[in-house]
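Chemist: please work out how this folds:
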Amino acid sequence: MTNRLRKARETAGLSLGQAAKHLGWAHGLLHAMETGSGSPPTDENMRSLATVYGCSVAWLRGETAPISEENRALLR
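Modeler: Residues are numbered from 1 along each chain as shown. Okay, here's the model as predicted:
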């Protein structure tokens with residue numbers, strides 16, 4: 001899941017600091033989630049991440065496959 005958190009943030013075009021600011025979280029908290037060095041994100045945190053990153057909680061958790069670039073273009 002940690003790789004997906006980072007990938008979703010980068011795909012959203014956000015630095016770690018920018019994402020933390022959007023979420024209203026400390027930079028260190030988000031870094032810990034992305035590296036797996038802290039507690040796993042709560043359900044509420046996962047919903048917040050998904051909203052800011054423009055993806056689903058299921059995708060962040062690794063329960064669904066990523067959206068292809070072709071399909072992503074269709075959603076725009």
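Chemist: so where's this structure shaky on pLDDT?
Modeler: Across the chain, the ranges flagged by pLDDT under 70 are 65-76.
Chemist: so which residues of it form helices?
Modeler: Here the chain has its helices, by DSSP state H, at 2-11, 16-23, 27-35, 43-53, 57-60, 69-75.
Chemist: got those as CSV, with mean neighbour count columns?
Modeler: For glycine as for every other residue, the C-beta is placed from the backbone atoms N, C-alpha and C. CSV is the format used below for the helices of the chain (neighbours: other CB atoms under 10 Å):
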stretch, mean neighbour count
helix 2-11, 17
helix 16-23, 16
helix 27-35, 17
helix 43-53, 16
helix 57-60, 16
helix 69-75, 9
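Chemist: doesn't Ser15 make contact with His27?
Modeler: No: between His27 and Ser15 no contact is recorded; they are 9.7 Å apart, counting by CB atoms under 8 Å.
Chemist: compute the distance between Leu14 and Asn45, please.
Modeler: 16 Å (CB to CB, to the nearest Å).
Chemist: do Arg4 as well
Modeler: Distance of Arg4 to Asn45, given as CB to CB: 14 Å.
Chemist: residues in contact with Cys55?
Modeler: By CB atoms under 8 Å, 6 or more residues apart in numbering, the contact set of Cys55 is Ala8, Thr11.
Chemist: if I look at it, how far off is Arg4?
Modeler: Using CB to CB, we find Cys55 at a distance of 9 Å from Arg4.
Chemist: got it, and Met33?
Modeler: Taking CB to CB, one finds Met33 at 11 Å from Arg4.
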